[in-house]
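Visitor: quick one: sequence and predicted model below, then my questions.
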Amino acid sequence: MMNGFDIRQAAPEDLEQANQVVEQAVMSWNLAERVKRLSLPLYQYSEVDLAYLTVRLIREQGIVAAVAAWEPAEPAQLPPGCRGLLLHGLYVRPACHGRGYGRALLRSCADTALEQGLDGVLVRVQQDAVDFFRSQGLEQVPVREPDRDYALRYWLAL
């Protein structure tokens, strides 16, 4: 239990609700509706993802309120000489913002990185979430190769 609520590993039976959280979060982003609609399937999770990603969630009153997914990051994505996890997604139902769920899931990812002896956590941040990740102590990673690097990459050094 963390901060008065449980974080647990997602199971196949959680995917429908987890993907509802993802959909609500994506649809709240400040992007054109068509862009959100077309990109939404790329953000949602399947049973196959559960075999390759660590997917954790928080429930509130029996409903999934927040979900996060991560995996080992490729060295080329990370700051030079670092090893870390790549946080694929961190989504909180808009109605559940401000309850510490995003912070707790980010901490869970960071704790996993520490347990694995890694240097930190990398996040490719959607513009609407930059302030959140900065407030959590992440620093922007400079773009080395503009044709390859995602511009809004943030690093949480551990």
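Guide: Looks like it came in fine.
Visitor: which residues are contacting stretch 130-138?
Guide: 102, 103, 106, 121, 123, 125, 152, 154, 155, 156 (Cβ atoms under 8 Å, 6 or more residues apart in numbering). Where you see a C-beta, it was placed from the backbone N, CA and C, and this is true even at glycine.
Visitor: how about the strands in this structure?
Guide: Shown for the chain, the strands assigned by DSSP state E span residues 7-9, 54-60, 63-72, 84-92, 120-124, 139-140, 153-157.
Visitor: could you dump these to CSV with mean neighbour count and mean pLDDT?
Guide: Shown next, in CSV, are the strands of the chain (neighbours: other Cβ atoms under 10 Å; pLDDT from 0 to 100):
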stretch, mean neighbour count, mean pLDDT
strand 7-9, 13, 96
strand 54-60, 20, 97
strand 63-72, 21, 97
strand 84-92, 23, 97
strand 120-124, 23, 97
strand 139-140, 14, 96
strand 153-157, 20, 97
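Visitor: residue 34 is nearest to which of those?
Guide: With Cβ to Cβ as the criterion, residue 34 lies closest to strand 84-92 of the strands of the chain, at 20.4 Å.
Visitor: quick revisit: check the contacts of stretch 130-138 and tell me the two furthest apart.
Guide: Farthest-apart pair in the contacts of stretch 130-138 is 103 and 152; separation 19.1 Å (Cβ to Cβ).
Visitor: helices of this structure, start to end?
Guide: 15-27, 33-43, 47-52, 101-115, 130-135 (DSSP state H).
Visitor: and the residue nearest to residue 129 when sequence neighbours are not counted, what does it touch?
Guide: Closest residue in space to residue 129, ignoring its immediate chain neighbours: residue 90 at 7.6 Å, by Cβ to Cβ, 6 or more residues apart in numbering. Going by Cβ under 8 Å, 6+ apart, residue 90 touches 66, 67, 68, 102, 105, 106, 123, 129.
Visitor: switch to 7 Å and redo it
Guide: For residue 90, the contact set (Cβ atoms under 7 Å, 6 or more residues apart in numbering) comprises 68, 102, 105, 106.
Visitor: any idea how far it is from residue 102?
Guide: The gap separating residue 90 from residue 102 is 6 Å, by Cβ to Cβ, to the nearest Å.
Visitor: residues contacting the nearest residue to residue 5 once chain neighbours are set aside?
Guide: Leaving aside its sequence neighbours, residue 5 sits nearest to residue 58 (Cβ to Cβ, 6+ apart; 5.5 Å). By Cβ under 7 Å, 6+ apart, residue 58 lies in contact with 5, 6, 7, 65, 66, 101, 104, 105.
Visitor: all set now, cheers.
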